[in-house]
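1. show me the folded form of this:
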Amino acid sequence: MLLYVELASLFTTFSANLLPATICMTTQQEPFYKRLSLNLISLALLATLLYLGQGIIVPLLFSILLATLLLPVTRFLSAKLRFPNVLAIVVSILVSLLLIVGVIYLLSHQVGLFIKDSDAIKERFADLITSLQGWVDDQFHIDSSTQRQYVKDAIKNMKASGVGIVGKTFGTLTEMLSYVVFLPVYTFLILFYRGLIKKFLVSVFENANPEKVEEILNESRFIGQHYVLGLGIDMAIVFTLNCIGFLILGIKYAIFLALVAAMLNLIPYIGMLIANIFCMVITLISSESTGDVIWVAVILGVVQVVDNNFLMPMIVGNKVKINALVTILGVVVGGTLCGVSGMFLAIPGIAVLKVIFDRVDALKPWGIILGDDTDSSKAKRTIAKAKTKAAKS
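-> Just a heads-up that it's a prediction; the model follows:
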């Protein structure tokens, strides 16, 4: 994925690598706290830039990921089928957009089937609320009228914030429109100017070893491409397994729930927790048997175990070696800064940062903390080697 680093590296390296690395290499005798402060300031600037410019940066990063996946297709059309470069790019983008539209159509169709049963769902939901009120009255001695008053107060508070909700909804629609318009445009331009972008990145690091820059570009490209393609295959397999399990049990909205769970599975750790809660709640509302709720949780749990222990290692492999703590923190921080899009982009972004950190002597300790290598002796050897190189320089 020449592209994932060609622009992603420009974005991440510039903010989180170049500034700290340059300063650290020129001030090796500076105290540790000063070097650490410079690194943290750079990360804070990067986070601020992401938060303030997410409307521009996030679609651009998604375009980089899409361009990364389409690069082999574009090269195949150009080299094997003798397509002109522009035509090869346009055809590959159109094919990808058709696949995206197909997934959206499937999801919207399933949502439509769910909405058709809204009356029955409301009735079932009312019965559950009545049962819940009786349980609360028995356990906490809060009568139904008091509970209804609490609900009315909550509704009033929601109405008071209605203007803000409408504003956020309008902002979300505007953001979706920007993705529809700019995603194919950015992707086309990135693919078209990929050679120029690569030359820029190599030349901008003129003081560095060109071979090391090429190595970082190639490794980051491979990781991004391998990771995103692997996630797509993994999502399809997880959807199939969930769907088979739900259909065997006769769960209503089996395809809809399986698709939502598979899509949420793209968000590490947190996504599957949300998927479990969502599927169990929908099953509780739509099913007459509470046992179905337990079976839904069992199916999702079994699929998750299979996915974590067999599918992900086999499909994605060991190229993205990021420990669980950093993964969770990255997903949380990404979600805080850029919403759901930030959660999805966090892992490939951290993977590119790790590639950069591992190849810059002054930043190798940061690469260690991001990695998943629990061999302490190997970590000590890596740190000692980095210190030796720094002392010689």
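2. rest of the way, CA atoms for contacts and neighbours
-> Fine.
3. may I ask which helix or strand of this protein has the lowest mean pLDDT?
-> helix 19-26 (a mean of 42; mean pLDDT, DSSP states H and E).
4. which helices and strands does the following helix or strand past that one pack with?
-> Going down the chain from helix 19-26, the next helix or strand is helix 32-52, by DSSP states H and E. On a contact count with 3 or more CA pairs under 8 Å, 6 or more residues apart in numbering; DSSP states H and E, helix 32-52 meets helix 19-26, helix 324-358.
5. can you check which of those gets nearest to Leu65?
-> Ranking these by proximity to Leu65 (CA to CA) places helix 324-358 first, at 9.2 Å.
6. tell me which other helices or strands the closest one touches.
-> Checking 3+ CA pairs under 8 Å, 6+ apart, helix 324-358 ends up next to helix 2-13, helix 32-52, helix 54-79, helix 210-249, helix 364-370.
7. which helices and strands does the third one pack with?
-> When you say that, I think you mean helix 54-79. Helix 54-79 is packed against helix 2-13, helix 85-116, helix 162-192, helix 210-249, helix 324-358, with contacts defined by 3+ CA pairs under 8 Å, 6+ apart.
8. could you save the helices and strands packed on helix 32-52 as CSV and add columns showing distance to Gly112?
-> What follows is the helices and strands packed on helix 32-52, written out as CSV (distance: least, CA to CA, whole Å):
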stretch, distance to Gly112
helix 19-26, 51
helix 324-358, 23
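9. can you say which of those is packed in most?
-> Stretch with highest mean neighbour count among the helices and strands packed on helix 32-52: helix 324-358 (a mean of 20; mean count of other CA atoms under 10 Å).
10. that one - what's its average pLDDT?
-> Per-residue pLDDT over helix 324-358 has a mean of 84.
11. how many other residues sit next to Val228?
-> 18 (other CA atoms under 10 Å).
12. wait, it sits on Ile64?
-> No - at 11.1 Å, Val228 does not count as touching Ile64 under the criterion of CA atoms under 8 Å.
13. what's the pLDDT at the nearest residue to Ala254 once chain neighbours are set aside?
-> In this structure, Ala254 finds its nearest non-sequential neighbour in Phe246, 5.3 Å apart by CA to CA, 6 or more residues apart in numbering. Looking at Phe246, its pLDDT is 92.
14. how much space between the residue lying closest to Leu264 once chain neighbours are set aside and Val260?
-> What sits nearest to Leu264 in space, not counting adjacent residues and going by CA to CA, 6+ apart, is Gly271, at 4.7 Å. Shown here: Gly271 relative to Val260, a distance of 10 Å by CA to CA, to the nearest Å.
15. of those two, which one has the most company?
-> Neighbour count, other CA under 10 Å: between Gly271 and Val260, Gly271 has more, with 19 against 16.
16. and for the residue nearest to Ala254, the neighbour number?
-> With other CA under 10 Å as criterion, Phe246 counts 22.
17. how much space between the nearest residue to Gln110 once chain neighbours are set aside and Leu300?
-> Spatially, and ignoring its direct neighbours in sequence, Gln110 is nearest to Phe256 (5.3 Å; CA to CA, 6+ apart). Phe256 sits 14 Å away from Leu300 when distances are taken as CA to CA.
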